[in-house]
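J.: starting from these lines, generate the structure:
(4 chains, ligands or ions: 2)
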There are 2 protein chains.
Amino acid sequence: MMELTRKGEYAIRGIVYLAAQPVDRVCLLSDIAAAVDVPATFLAKIFQQFSKIGLVKSYRGTGGGFLLGRVPEKITLLEVVEAVEGPIIPNRCVVGAGECARDVSCTVHPVWKKVQEQVRAALEGVTLKDLAGG
Amino acid sequence: MMELTRKGEYAIRGIVYLAAQPVDRVCLLSDIAAAVDVPATFLAKIFQQFSKIGLVKSYRGTGGGFLLGRVPEKITLLEVVEAVEGPIIPNRCVVGAGECARDVSCTVHPVWKKVQEQVRAALEGVTLKDLAGG
DNA sequence: CCTAACAAGACTTTTTTTATCCTTTTAGGG
DNA sequence: CCCTAAAAGGATAAAAAAAGTCTTGTTAGG
Ligand code: SF4
Ligand code: SF4
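T.: Ligands and ions are numbered 1, 2, ... in the order given. Down below sits the predicted model:
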């Protein structure tokens, strides 16, 4: 259980690759896809999501491509994962009140809350700088 | 991401219900299903899995039903979850060596290892006794 | 031998994942 | 102004997983 989808895995690979590039180096999607071994069309969709929330910047046309939206030390793995996989939800009752009618007195509920917090903390503590190796 | 499936949620509800029953009280599947609000046919499949690994004991025929395979304080939430959802795998590279060709030098790999360990620890620290309320 | 109850396996439906393709928009350069 | 490069957006399709159902078999009590 709790498995990251390929989309998530690809997303991380792609953006870590970007983070490892020299600052202001604009990368072609096709180059990134080849380097991290991900289908280019699929990676395109992923980077579109990144672009919408500013995790990467994109430029169209000749000489266009992608680069990181912020410095790598300011982008956490949590942001990257949540950008494409949605929030960290070990069980739907942690989404908010009312998701499960049983949550008021449920003894299991706090366990999922704890799991959620721990996973979030683990991912939030890692930045793209860490992952790209400085 | 990381969402428990319904099967997992149902499994927990069902076995926690069992754990809350008086010792040696044999419960009908139909009663359990009604009490925890799960389709009986689906819960049957889940309890069959439990039965195979000894988490519950089952008796057939008139007067048959289910009861817990061990005392509640000796059954952890981790066991219950893994019984029906499989092992805790945040990313397939934590399954073992060779799952991902990149794992040798991958900087992300240790993060998933850590997540896996934390989640396992969180679930292992909770027993059915805790969940059933003594 | 009849009935109760779980076991096992096949099967179906729905949802999610994993893509691919095509058209549109934007930008640079001749 | 046109041609080409490159990303954006939308539709669609195929595959896999999840969720649930059905039928038949097995075991046991009365
Ligand atoms: S753990 Fe408890 S509150 Fe959460 S979904 Fe299950 S029953 Fe509801
Ligand atoms: S995190 Fe690294 S080792 Fe794990 S699957 Fe991704 S690339 Fe492979």
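J.: which stretches of chain A form helices?
T.: Assigned by DSSP state H, chain A shows helices spanning A:6-19, A:29-36, A:40-52, A:77-85, A:109-124, A:128-132.
J.: between those helices, which gets nearest to chain B?
T.: Nearest to chain B, of all the helices of chain A, is helix A:77-85, at 3.7 Å by CB to the nearest CB. Bear in mind the C-beta positions are built from the backbone N, C-alpha and C, glycine included.
J.: I'd like to know how far residue A:26 sits from ligand 1.
T.: 46 Å (CB to the nearest ligand atom, to the nearest Å).
J.: tell me the contacts of the nearest residue to that residue once chain neighbours are set aside?
T.: Using CB to CB, 6 or more residues apart in numbering or on different chains and skipping residues adjacent in sequence, the residue nearest residue A:26 is residue A:65, 4.0 Å away. With contact taken as CB atoms under 8 Å, 6 or more residues apart in numbering or on different chains, residue A:65 is in contact with A:26-29, A:31, A:58-59.
J.: what residues does chain A have near ligand 1?
T.: Chain A comes close to ligand 1 at residues A:91-93, A:100, A:102-103, A:106, A:108-109, A:112, as judged by CB under 6 Å from any ligand atom.
J.: one more pass at 8 Å, please.
T.: Chain A comes close to ligand 1 at residues A:91-94, A:99-103, A:106-109, A:111-112, as judged by CB under 8 Å from any ligand atom.
J.: widest-spaced pair of those residues?
T.: A:101 and A:111 (18.1 Å; CB to CB).
J.: between those two, which is the more surrounded one?
T.: Neighbours per residue (other CB atoms under 10 Å in any protein chain shown) separate residue A:101 from residue A:111, with residue A:111 holding more: 21 against 9.
J.: just checking, the more buried one touches residue B:126?
T.: Yes. Between residue A:111 and residue B:126 there is a contact under CB atoms under 8 Å: 5.5 Å.
J.: common neighbours of these two, please.
T.: Both residue A:111 and residue B:126 are contacted by residue B:77, under the criterion CB under 8 Å, 6+ apart.
J.: in contact with the nearest residue to residue A:79 once chain neighbours are set aside, which residues?
T.: In space, and not counting its chain neighbours, residue A:79 is closest to residue A:55: 6.6 Å by CB to CB, 6+ apart. Residues in contact with residue A:55 (CB under 8 Å, 6+ apart) are A:15, A:68-70, A:75, A:79-80, A:83.
J.: re the thing from before, could you measure from the residue nearest to residue A:26 over to residue A:27?
T.: According to CB to CB, to the nearest Å, residue A:65 and residue A:27 sit 5 Å apart.
J.: now residue A:48
T.: 15 Å.
J.: tell me which of those two has more neighbours.
T.: Taking other CB under 10 Å, residue A:48 and residue A:27 do not tie; residue A:27 has more neighbours (17 against 11).
J.: any idea what the more buried one is bridged to?
T.: Judged by DSSP bridges, the bridge partners of residue A:27 are residue A:66.
J.: enumerate every residue touching it.
T.: Contacts for residue A:27 (CB under 8 Å, 6+ apart) come out as A:17-18, A:21, A:65-67.
J.: chain A against chain B: which residues are in contact?
T.: When proximity is defined by CB under 8 Å from any CB of the partner chain, chain A lies next to chain B at A:1-5, A:8-9, A:12, A:16, A:77, A:81-82, A:85-92, A:107-108, A:111-112, A:114-115, A:118-119, A:122-123, A:126, A:130-133.
J.: need the buried ones from those residues selected in ChimeraX.
T.: In ChimeraX, this line selects whichever of those come out buried by 16 or more other CB atoms under 10 Å in any protein chain shown:
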select /A:1,2,3,4,8,9,12,16,77,81,82,85,88,89,90,91,108,111,112,114,115,118,119,122,123,126,130,131,132
